[in-house]
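Student: just need the structure, nothing else, for what follows:
(chains A and B)
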Amino acid sequence: MKYKLGTYAVAAMMAASPVMADLVFPSLSYRTGPYAAGGIPFADGYADYFTLLNERDGGIGGVATRVLECETGYNTEKGVECYESTKGEGSLVYQPLSTGITYQLIPKTTADNIPMHTMGYGRTSAANGQVFSHTFNYPANYWNGASGAINYLMSQGDIAGKKIALVYHNSAYGKEPIRTLEELSEKHGFELMLVAVDHPGQEQKSQWLQIRRERPDNVIMYGWGVMNQVAIQEAANIRYPMENFIGIWWSGSENDVLPAGDAANGYKALTFHGVGSDFPVFDDIQQYVVDAGKAAGAGDQIGTVLYNRGLYAAMLAAEAAKTAQEIHGTAEITPAMMRDGMEALEITEAKMTELGLPGFGPSFNVSCENHGGPGLIGMTQWDASAGTWSLISEFSATDMEVIQPLIDEDSASYASENNIEAGC
Amino acid sequence: MFYREAGDFSTTYPQDSQTFPIKFDRYRYYVVLAVAVLVMPFVMTDYLVNSIFLPFLIYAIAAIGLNILTGYCGQVSLGTGGFMAVGAYACYKLMTAFPDVNIFFHVILAGGITAAVGTLFGLPSLRIKGFYLAVATLAAQFFLVWLFNKVSWFYNYSASGQINAPERTVFGIEVTGPNTEAWATYLFCLVFTVGAAILARNLTRGSIGREWMAIRDMDIAAEIIGVNPLKAKLTAFAVSSFFVGVSGALFFAVYLGAVEVGEVFGITKSFLVLFMIIIGGLGSIFGSFAGAAFLVVLPVVLKIVGVDMFGWPTDIVAHFQLVIVGGLIIMFLILEPHGLAQLWRVAKEKLRLWPFPH
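Tutor: Numbers count the residues shown, from 1 in each chain, chains lettered A, B, ... in the order given. Below you'll find the model as predicted:
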């Protein structure tokens, strides 16, 4: 048995022999399992953008990019295996697209000096760069999302005395907004009702029966994967008014609303980036990636919400790599240089327009203290007859008065647990 | 030629009743142990330890635990994931409450706490058997996972409900936390695995193991010849849960470092460990190791062959993995219902007679 393991080990090492001549962007994707509906478009968008850079610009700063895909199935053990098997290849930045895997990787990436970008997920208090030196979650996080949803409701009318239900995935991810919403409910005087849904969320009859009985004025959902579709279908079944139902950005893709058909019309979801394929960059993707037969996956996801998010994540990573190349004056950057690039990242409207994504996301600067970006949140709404999401509000600021103390408190407790000296 | 008693004389009773009475077998065991302790730490890398060796060693302990209960005592349990969670959370609470005590004792104590919980959930086994007991342990699985999710005392009121292992050292060398060396975590788990295997092997060879097997083979007959079913069943639950708890503690503290109970210790974990002992061989310590190695190494090998060598898309490989593992389980159950341990026994018999089988 030992002998066999040795053989496998040799095979593993031979297979993993590094080719250092390119910029490696690992993609810990999940195209299988109960969360695949969300994992596939994100992974496709992430891979397609790097293919576009290779085909159109010859890579980043003249160095070709390589996307190293590893299937995690949204499972933390496989995520750790993926991390260990890819980190030796010069992986520049990790984007696990799973809050559970993020929690595993925060200490590991810090120890290995590799940056991690958890865009709109992960540990919210990682926005405090003084404690979380290698973790970034710009441009928005879960607590911005919770506050954004409440701000939107307040813009629609007084919410004092109203009842708002939070339907959440009973995991680290779903529990993230609870503290923020509790603080906000005290501040604005609404009543908060918590409804947990256990993994994977295929059975939610009792939760929606509870909602039907308690009749909350609004429902906010923090769901992912198959849980979203089921929740929207159940909401339709109890005839809950869809325009009062708001999902976080992970509960607002085409996959989530299509199964419910016309009944999902009017469902709302938060977002931190633009929707649709009406941006110049998609013409380039059509020309250089799709028509050349190099699209990732089945190539049928282009322009969907989560594809756009994968594309946006890849764009931010590529821009950070460019920044790192400028700072260090070398085209072949290391993960440590990449981290410096992420910390010095500047996204301006002019830059976005140049990249073919005008108005797609907010302008922001990352700094050593603030790894979280500005947290600007917009609202989208689903039109079932047209089959499109449309942006129905401006990207607006969230209540940092409430969020910042929570970030400071949570990151301070992490720092004391792990003997981290805060500082820049 | 191999595995023969010829020329191997026992002059005392202890010699005659030792674990490996055949000289060749005994030396093979020493060689494996020597390689594991003296050679492997020097070739250990982060990748090897985190993808293969830590999961193998830790699952082997869990498989030994479940094998004692199901393989030796005949009590079917689907609560392994829940009991591993008890070990993990007990270890976490102990680590954070008594930071000055060595992590080694925390792991042992976590096993002890799990043994107490396991005994409690083993009480129904005195009244019910077979499928009904399986359902009762299934209830334990769901209840324990729900409990650790619901009561925030267990995760020290952290906002996310995750538990994170703080840094702890043994002889000044870190074994938990992010800055560990591959060889240190490997050796730490190896100590527990070897200890568990030796303990389990000797328990099952002694009077208490015979009681368990008597209960397994026919409980009424066992009662008539004087085996106390209360004692036999509850000790089986306690010892089994102890091992499962130790493996849960190591799984959390050394291997993963951060755990969310519903995802890591769900029902799939119970089934995984059950598959390990079915494939490895019920009622065999070696089978526990073989089954754990098989189910840990196979997905890694399939991934390396499919993705790295042939360059297939990762989702195709992931789907094929399910098909192949499922197919192999069915094939094993048809061709060799007694598992890998039986294959090993047959191989030993063949080697004994080789090269003159008649």
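
Student: what residues are up against the nearest residue to residue B:216 once chain neighbours are set aside?
Tutor: Spatial nearest neighbour of residue B:216, excluding adjacent residues (C-beta to C-beta, 6 or more residues apart in numbering or on different chains): residue B:74 at 3.1 Å. To be clear about C-beta, it is placed using only N, CA and C from the backbone, and glycine gets the same treatment. By C-beta atoms under 8 Å, 6 or more residues apart in numbering or on different chains, the contact list for residue B:74 reads B:212, B:215-217, B:219.

Student: spell out which parts of the stretch 151-300 of chain B neighbour chain A.
Tutor: B:158-162, B:164, B:166-167, B:177-179, B:255-258, B:260, B:262-264, B:266, B:289-290, B:293, B:297, B:300 (C-beta under 8 Å from any C-beta of the partner chain).

Student: so where's the stretch 151-300 of chain B shaky on pLDDT?
Tutor: Scanning the stretch 151-300 of chain B for pLDDT under 70 picks out nothing.

Student: who's in contact with the residue nearest to residue A:199 when sequence neighbours are not counted?
Tutor: Closest residue to residue A:199 apart from its sequence neighbours, by C-beta to C-beta, 6+ apart: residue B:262 at 5.2 Å. Contacts of residue B:262 were listed using C-beta under 8 Å, 6+ apart, and they are A:170-171, A:198-199, B:145, B:149.

Student: among the residues you listed, which has the minimum pLDDT value?
Tutor: Least confident entry in the contacts of residue B:262, by pLDDT: residue A:199, with 82.

Student: quick check: that residue touching residue A:170?
Tutor: Yes: assessed by C-beta atoms under 8 Å, residue A:199 is found in contact with residue A:170 at 6.8 Å.

Student: distance of the residue of the stretch 51-200 of chain B found nearest chain A from residue B:160?
Tutor: Closest to chain A within the stretch 51-200 of chain B is residue B:178: 3.3 Å, counting by C-beta to the nearest C-beta. Residue B:178 sits 18 Å away from residue B:160, going by C-beta to C-beta, to the nearest Å.

Student: going along the chain, name the strands of chain B.
Tutor: Taking DSSP state E to define them, one finds strands in chain B at B:163-164, B:169-170, B:173-174, B:258-259.

Student: buried residues, the longest helix seen in chain B. List them.
Tutor: In chain B, with assignment by DSSP state H, the single longest helix is helix B:182-205. Buried positions in helix B:182-205, judged by neighbour count with 16 or more other C-beta atoms under 10 Å in any protein chain shown: B:182-190, B:192-193, B:196-197, B:200-201, B:203-204.

Student: ditto for stretch B:154-166
Tutor: B:154-155, B:158-166.

Student: check what contacts that stretch and list those residues.
Tutor: The contact list for stretch B:154-166 (C-beta under 8 Å, 6+ apart) reads A:99-100, A:103, A:107, A:123, A:171-172, A:175-176, A:178-179, A:410, A:413, A:417-418, B:88-89, B:92-93, B:95-96, B:99, B:147-149, B:152, B:176-177, B:252-254, B:257-261.

Student: so how far is that stretch off the chain centroid?
Tutor: Mean C-alpha position of stretch B:154-166 versus that of the full chain (C-alpha atoms, centre = their mean, to the nearest Å) differs by 26 Å.

Student: then stretch A:79-91?
Tutor: Distance, stretch centre to chain centre, for stretch A:79-91: 20 Å (C-alpha atoms, centre = their mean).

Student: now stretch B:78-92
Tutor: On C-alpha atoms, centre = their mean, the centre of stretch B:78-92 falls 13 Å from the chain's centre.

Student: what does stretch B:314-330 give?
Tutor: Distance, centroid of stretch B:314-330 to centroid of chain: 23 Å (C-alpha atoms, centre = their mean).

Student: let's verify residue A:178: helix, strand, or coil?
Tutor: What DSSP: H, G, I helix; E, B strand; the rest coil gives for residue A:178 is helix.
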